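Enquirer: Would you be able to build a 3D model of this:
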Amino acid sequence: MRRRSVLLAAGATAAALSPSPALSAGRAVSAAPAVAAGRPAAGPLVIGHRGAAGWRPEHTASSYTFAVQCGADWIEPDLVATRDHRLVVRHENEISATTDVARRAEFAARRTTKTVDGRTVTGWFTEDFTLAELRTLRAVERLPLLRNRNTVFDGREQVLTFEEVVDLARALARRHGRTVAVFPETKHPTYFRSLGLPLEPLLAAAVRRTRLGPRECVIQSFEPSSLLRLAEEGLRVPLWQALGTSGGPYGHPATYRDMMTPAGLRAIAAYARWIGPDKSLLEPPSPLLRDAHAAGLRVGAYTFRAENRHLPADLRRGDDPDDFGDALTEYARHYALGVDAVVTDFPDLAVAARDAPATPGT
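Expert: Purely as a prediction, here's the structure:
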């Protein structure tokens, strides 16, 4: 039997003791302390990356529910479009890794090869399905070799629409006595625009229809053109410019490095309230956090995970890249830097690190 870390055991125990996330959001559980505007009682925001993707198949109702049970302040749905102009939540528009579509004979002929943002991708794509057809599919764990424990939930849940995630967030907010914000990301917006399926008007209409305000919603994208289109919609919800580690946003003349200079950050501040850099971009002696705050921007780092392969070398435990390392220390380091939020697959660990009592003498 493979060795698993103490953190894994602790997380699995917490999962076992918690009510099933697949149960109705109306079921009563212990409420967390009420806080205003989706902010924690103290410290940075904890954002559940696609829910609690370390413990449940991502973008499922159980993943979002467990994230909030663990203390997440926001939950993140990635948005892609269907053939009939509906927004659904999937990591990518190619869905063979996140649903059981490859095992569905009735859709075998839909397998195809496309060019998405300059990359050749083969599989099944949301834009070739209606919402009703996607409803017949079931979600599966995207990383079964890394997170085999999550495969126990394979085949149990449908693909959600964005509106359903909003409804779930509000139900969970009522249950837990605090605001739970949604944090949608427009995925491949230039690509979808080229298909005649622009994400921005669909998202703007959904925000208006569900009456989401700045306490309940922050919209993110890697593509500035998508955020600028949303800014023109006058939605009154904050925008978040995500930043990669190399290259630049698709179809954008500036690189991410250009965007992270003081001048680039001031340009972002003209349309966005947040930046979201990869966590590695904030490690000392990087000036990014200081420069962003000087430009009036908040900073949320992504993506925190517990497995050794995703941790700095000095925080790994043992030789197995899939075992858990000292994730709590990584959170503590970034909290000490002064980040305003963390995006994490393991919101329970992020909350534990954030709420841990201070060590005497520090």
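Enquirer: all contacts plus neighbour counts: C-alpha atoms, from now on.
Expert: Fine.
Enquirer: Averaged pLDDT, the biggest strand by length in the chain. What do you get?
Expert: When the chain is parsed with DSSP state E, its longest strand is strand 298-304. Strand 298-304 shows a mean pLDDT of 98 in the predicted model.
Enquirer: Going C-terminal from it, what's the next secondary structure element?
Expert: helix 327-337 (DSSP states H and E).
Enquirer: Which elements pack onto the next helix or strand after that next one?
Expert: Past helix 327-337, heading to the C-terminal end, the next element that is a helix or strand (DSSP H and E) is strand 341-344. Taking 3 or more Cα pairs under 8 Å, 6 or more residues apart in numbering; DSSP states H and E as contact, the helices and strands that strand 341-344 lies on are strand 45-48, strand 298-304.
Enquirer: Given strand 341-344, what are its sheet partners and their directions?
Expert: Paired neighbours of strand 341-344 in the sheet (DSSP bridges): strand 45-48 (parallel), strand 298-304 (parallel).
Enquirer: which residues touch that strand?
Expert: 44-49, 52, 299-305, 350 (Cα atoms under 8 Å, 6 or more residues apart in numbering).
Enquirer: angle of the longest strand of the chain against helix 327-337?
Expert: Counting by axes from the mean of the first three to the mean of the last three Cα atoms, to 10 degrees, strand 298-304 points 170 degrees away from the direction of helix 327-337.
Enquirer: now strand 298-304, how far from the chain's geometric center?
Expert: With Cα atoms, centre = their mean, to the nearest Å as the basis, strand 298-304 stands 10 Å off its chain's centre.
Enquirer: Output that strand as CSV, restricted to C-alpha atoms.
Expert: The C-alpha coordinates for strand 298-304 follow below in CSV (Å, rounded to 0.1, in the frame of the first residue of the first chain):
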residue,chain,number,x,y,z
ARG,A,298,-5.5,43.5,-5.6
VAL,A,299,-3.5,40.3,-6.1
GLY,A,300,-4.7,36.7,-6.1
ALA,A,301,-2.2,34.0,-6.7
TYR,A,302,-2.9,30.7,-8.5
THR,A,303,-2.9,27.6,-8.3
PHE,A,304,-2.1,26.1,-5.0
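Enquirer: who wins for proximity to R175 among the strands paired with strand 341-344?
Expert: Each of the strands paired with strand 341-344 was checked against R175 via Cα to Cα, and the shortest separation belongs to strand 45-48, namely 17.4 Å.
Enquirer: contacting residues around that closest one?
Expert: With Cα under 8 Å, 6+ apart as the contact definition, strand 45-48 has outside contacts at 39, 64, 67-68, 71-76, 340-347, 350-351.
Enquirer: Stretch 118-137 too?
Expert: Residues contacting stretch 118-137 (Cα under 8 Å, 6+ apart): 80-84, 86, 93-96, 99-102, 110-115, 158-159.
Enquirer: ok, longest helix in the protein?
Expert: Taking DSSP state H as the assignment, the helix of the chain that covers the most residues is helix 162-176.
Enquirer: okay, and for the stretch 151-300 of the chain, where does confidence drop off?
Expert: Within the stretch 151-300 of the chain, the set of residues satisfying pLDDT under 70 is empty.
Enquirer: What are the boundaries of the helices in it?
Expert: Listed in chain order, the helices found in the stretch 151-300 of the chain under DSSP state H, counting those that start in this stretch are 162-176, 189-194, 199-210, 224-231, 256-259, 262-269, 288-294.
Enquirer: From the contact counts, what lies against the second one?
Expert: What that stands for is helix 189-194. Packed against helix 189-194, as judged by 3+ Cα pairs under 8 Å, 6+ apart, are the following elements: helix 199-210.
Enquirer: orientation of the helix it packs on relative to helix 224-231 in degrees?
Expert: 30 degrees.
Enquirer: Mind exporting the C-alpha coordinates of helix 199-210 to PDB?
Expert: What follows is the C-alpha trace of helix 199-210 in PDB, where atoms were taken according to Å, rounded to 0.1, in the frame of the first residue of the first chain:
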ATOM      1  CA  LEU A 199     -19.000  34.400 -24.400                       C
ATOM      2  CA  GLU A 200     -19.200  38.000 -23.200                       C
ATOM      3  CA  PRO A 201     -22.800  38.900 -24.100                       C
ATOM      4  CA  LEU A 202     -23.900  35.500 -22.800                       C
ATOM      5  CA  LEU A 203     -22.100  36.100 -19.500                       C
ATOM      6  CA  ALA A 204     -23.400  39.700 -19.300                       C
ATOM      7  CA  ALA A 205     -26.900  38.600 -19.900                       C
ATOM      8  CA  ALA A 206     -26.600  35.900 -17.200                       C
ATOM      9  CA  VAL A 207     -25.100  38.400 -14.700                       C
ATOM     10  CA  ARG A 208     -28.100  40.700 -15.300                       C
ATOM     11  CA  ARG A 209     -30.600  37.900 -15.300                       C
ATOM     12  CA  THR A 210     -29.400  36.600 -11.900                       C
END
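Enquirer: Much appreciated, bye for now.
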